[in-house]
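Participant: The following block contains a protein sequence and its predicted model.
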Amino acid sequence: MSPVDPQTPAAGLPSRAARAGYVIPAAIVRPALRGLVRQVWEGTENLPETGAILAVNHISELDPLSVAHMVYNQGLLPTFLAKAELWKVPVLKQVLEATRMIPVERTRDGGRSLDAAREAVATGRAIIVYPEGTVTRDPDGWPMAAQSGAVRLALQTGAPLIPVGQWGIQELLPYGGRAPRPFPRKTARIRIGAPVDLDDLCGAPMTASGLRAGTERMMDAITAIVADLRGEPAPAGRWDPRTGRREPGA
């Protein structure tokens, strides 16, 4: 039997070098979040051990750190598809590069971000996608109309598409440049759902109608989780930022 190089990961598992880039950010972020909010994580048994796509509702500019903390604590490496403009911010650029986040050029990406995401899934990372593309503009904070990238990536890779809902951290840092509100201490809840069923779409030609159907299932699952976390029913339809109103089947 050939010796195993300890620096070479088994198929589908992140390398030791990949994990090393998270050590310093994790040492800063984890204690800071623990001090700022009570964190409640539910459904973590729905996370696979390697190679997953997490589709998450976006409610605060702070929630990527909260979601990444949850994922990292489950032994996975959180990898975001993030807008390329963030790589222009000093210090943040170094963190993004060290943790191998994936830049997205919104106007001229040409599929490069999806190619990079496929490679990341193949090496066992957890790809975190905000299907809405930005912090929700719904006046009441509900998930908005979504883009189909997460479903496309799941169909292309065969990785499970995991719906994730969160609520509470927006009370610490509301969207829109408002000041943080650390007191009283807030509770940030994250719940991981069962994988979205895309079996009927797998192996079939990828069409716009199929991607829309898969995206609707994904957003229905996320919205149902958020409704449970909020303890109230979701409104009919979803907010469409293009029209500035809730649209049926958006």
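Facilitator: Received it, and whenever you're ready, just let me know what you need. Keep in mind it's a predicted model, so treat the numbers as computed, not measured.
Participant: Could you list which residues are in contact with residue 201?
Facilitator: Each residue near residue 201 by CB atoms under 8 Å, 6 or more residues apart in numbering is listed here: 151, 155, 210, 213-214. Placement of C-beta: from N, CA and C, glycine included.
Participant: actually residue 87, not the one I wrote
Facilitator: 93, 96-97, 103 are the contacts of residue 87 under CB under 8 Å, 6+ apart.
Participant: My understanding was that residue 79 contacts residue 126; is that so?
Facilitator: Yes. Counting by CB atoms under 8 Å, residue 79 touches residue 126, with 6.5 Å between them.
Participant: What's the biggest helix in this structure, counting residues?
Facilitator: Counting residues, the longest helix found in the chain (DSSP state H) is helix 208-230.
Participant: returning to what we had before: quick check: ChimeraX command selecting the buried ones in the contacts of residue 201.
Facilitator: In ChimeraX, selecting the buried portion of the contacts of residue 201, with burial taken from 16 or more other CB atoms under 10 Å, looks like this:
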select :151,155,210,213,214
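Participant: could the contacts of residue 201 go into TSV alongside pLDDT and distance to residue 64?
Facilitator: Converted to TSV, these look like this (pLDDT from 0 to 100; distance: CB to CB, whole Å):
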residue	pLDDT	distance to residue 64
151	97	21
155	96	24
210	97	29
213	97	28
214	98	24
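Participant: Among the contacts of residue 201, pick out the one closest to residue 44, please.
Facilitator: Among the contacts of residue 201, residue 151 lies closest to residue 44 (CB to CB), at 22.9 Å.
Participant: Let me know the distance separating that closest one from residue 162.
Facilitator: As judged by CB to CB, to the nearest Å, residue 151 and residue 162 stand 12 Å apart.
Participant: what's the pLDDT at residue 51?
Facilitator: Listed pLDDT for residue 51 reads 89.
Participant: Neighbours of it, how many?
Facilitator: 21 (other CB atoms under 10 Å).
Participant: Correct me if wrong: it contacts residue 124.
Facilitator: Yes. Look at residue 51 against residue 124 with CB under 8 Å: they come within range, at 5.2 Å.
Participant: First residue to last residue on stretch 165-177, what's the distance there?
Facilitator: Using CA to CA, to the nearest Å, one end of stretch 165-177 lies 23 Å from the other.
Participant: Just the buried residues of that stretch, please?
Facilitator: Under the neighbour-count criterion of 16+ other CB under 10 Å, stretch 165-177 has 165-175 buried.
Participant: Do a quick rundown of the helices in this protein.
Facilitator: In the chain, the helices defined using DSSP H lie at 16-20, 23-36, 63-73, 92-98, 112-122, 149-157, 208-230.
Participant: closest one to residue 140 among those helices?
Facilitator: Among the helices of the chain, the nearest to residue 140 by CB to CB is helix 208-230 (9.4 Å).
Participant: Identify the contacts common to residue 151 and residue 162.
Facilitator: Both residue 151 and residue 162 are contacted by residue 196, under the criterion CB under 8 Å, 6+ apart.
Participant: where in the chain is pLDDT low?
Facilitator: Of all residues in the chain, those with pLDDT under 70 make up the ranges 1-13, 109-110, 249-250.
Participant: rerun at 90
Facilitator: 1-19, 49-51, 81-83, 104-114, 176-178, 203-204, 248-250 (pLDDT under 90).
Participant: one step back: the helices of the chain into a markdown table, with extra columns for distance to residue 180?
Facilitator: Formatted as a markdown table, the helices of the chain follow (distance: least, CB to CB, whole Å):
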| stretch | distance to residue 180 |
| --- | --- |
| helix 16-20 | 31 |
| helix 23-36 | 9 |
| helix 63-73 | 13 |
| helix 92-98 | 18 |
| helix 112-122 | 30 |
| helix 149-157 | 29 |
| helix 208-230 | 21 |
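Participant: Much appreciated, bye for now.
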